[in-house]
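1. Got a predicted model here, sequence first, then my questions.
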Amino acid sequence: MCNSNLTKTDEEIIKALQEDFPLCEEPYKVLAARAGVTEEEFLKRVQEFVAEKKIRKMGAVLRHREVGFKFNALCAWEVPPENLDAVAEIMSSHPAVSHCYDRNTAPNWNYNLYTMIHAKTREECDSIILELSQIAGVENYQVLYSKKEWKKTSMKYFKD
């Protein structure tokens, strides 16, 4: 986000947005207070950021291991390009899939669709992968199980 057109208030609003989202009845009131503005002004300015395409998305980060999903795997699928959208729609609709995206292939690596799958056990994860393979009709895939979870952090545009 280029800050050439941002006011000090805008910067304070962005600082508030990039921190943890309050888990309470009126989270935007809490964020507005952090930014030093009213809730109405805060929401108005955030809507303007979205309309101006200065904010593309806001989302939650689920720490899946903390809620019981101890096994996860990146599954790389070889999907015929003409079926990519249909297969991606099938896979991304599965509740155990948190990410689904296409990538370019490389020499000796023909996999062009990737899914991140979360489960409570390795057996459950394997079962989900087999289920996805069957319902999507994709037989060629590689499974890469996570061995370590790296710290998840978001971009910080402004710091105190």
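-> Right, received. Where do you want to start?
2. Report the mean per-residue pLDDT for the helix of greatest length in the chain.
-> Using DSSP state H to define each element, the chain has its longest helix at helix 122-136. For helix 122-136, mean pLDDT is 96.
3. again, but for stretch 141-151
-> 80.
4. what ranges do the strands span in this protein?
-> Along the chain, the segments classed as strands by DSSP state E run 71-77, 97-102, 113-119, 141-145.
5. So residue 10 sits against residue 44, correct?
-> No: the criterion here is Cβ atoms under 8 Å, and residue 10 misses it with residue 44 at 11.7 Å. Every C-beta, even on glycine, is put in place using the N, C-alpha and C of the backbone.
6. Comparing these two, which shows the higher neighbour count?
-> For residue 10 versus residue 44, neighbours defined as other Cβ atoms under 10 Å are more numerous around residue 10 (18 against 12).
7. The closest residue to the more buried one other than its chain neighbours: neighbouring residues, count only.
-> Distance criterion Cβ to Cβ, 6 or more residues apart in numbering; nearest residue to residue 10, sequence neighbours excluded, is residue 45 at 6.7 Å. A total of 19 residues lie near residue 45 under the criterion other Cβ under 10 Å.
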